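Trainee: mind looking at a prediction? Sequence and model below.
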Amino acid sequence: MGLLDFSLGDVGGLIRGIREAITGEKIKDPVELAKVQLQLEQLENALAQGQLEINKAEAQHPSIFVAGARPFLMWGCGFALLYASLFEPLMRFIAVVAFDYNGEFPVLDTTVTTQVLMGLLGLAGMRSYDKTKGIDTRRIGNAK
């Protein structure tokens, strides 16, 4: 199962359906069917490679607005988790004990922020890979 199976899996069936509708015949020859499937896989790989090149170019950009999206999201998720796990309980405790406050504090749903943060931190081990290869991940731009 490829990375883009979700988006291109149905496209292959659609292309075969269009070809069958135009020509009026199904692909019965297994060799011809394999060729069509190979072309679809090559299209999927070219699309994935193009996206990787775009990602690489964006990551090397010196502007914080281009290369800083991941750090921005990490900081945002980090602050949300810090608020939900430390600040909010501490502020609630102080408000109840010192000021006899019985109201509610804003509650953040950390389900989504945790999922985003864990994905950005690299559950696939990319951070560890960078460390073992000696890549300086503290810099924005070309890591040397």
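Mentor: Here it is on my side, so go on.
Trainee: check which helix or strand covers residue 78.
Mentor: Here residue 78, judged by DSSP states H and E, is contained in helix 69-82.
Trainee: before we move on, what about residue 103?
Mentor: Per DSSP H and E, there is no helix or strand for residue 103.
Trainee: phi, psi of it?
Mentor: Here is the backbone geometry of residue 103 (degrees, to the nearest 10): phi -80, psi -170.
Trainee: picking that back up, which strands and helices lie in contact with the helix holding residue 78?
Mentor: helix 110-121 (3 or more CB pairs under 8 Å, 6 or more residues apart in numbering; DSSP states H and E). For every residue, glycine as well, the C-beta is placed using N, CA and C.
Trainee: buried stuff in the helix it packs on?
Mentor: 113, 117, 120 (16 or more other CB atoms under 10 Å).
Trainee: check the secondary structure at residue 50 for me.
Mentor: State at residue 50, reduced to three classes by DSSP: H, G, I helix; E, B strand; the rest coil: helix.
Trainee: low pLDDT regions in the protein?
Mentor: 1-25, 27, 58, 61-70, 121-130, 136-144 (pLDDT under 70).
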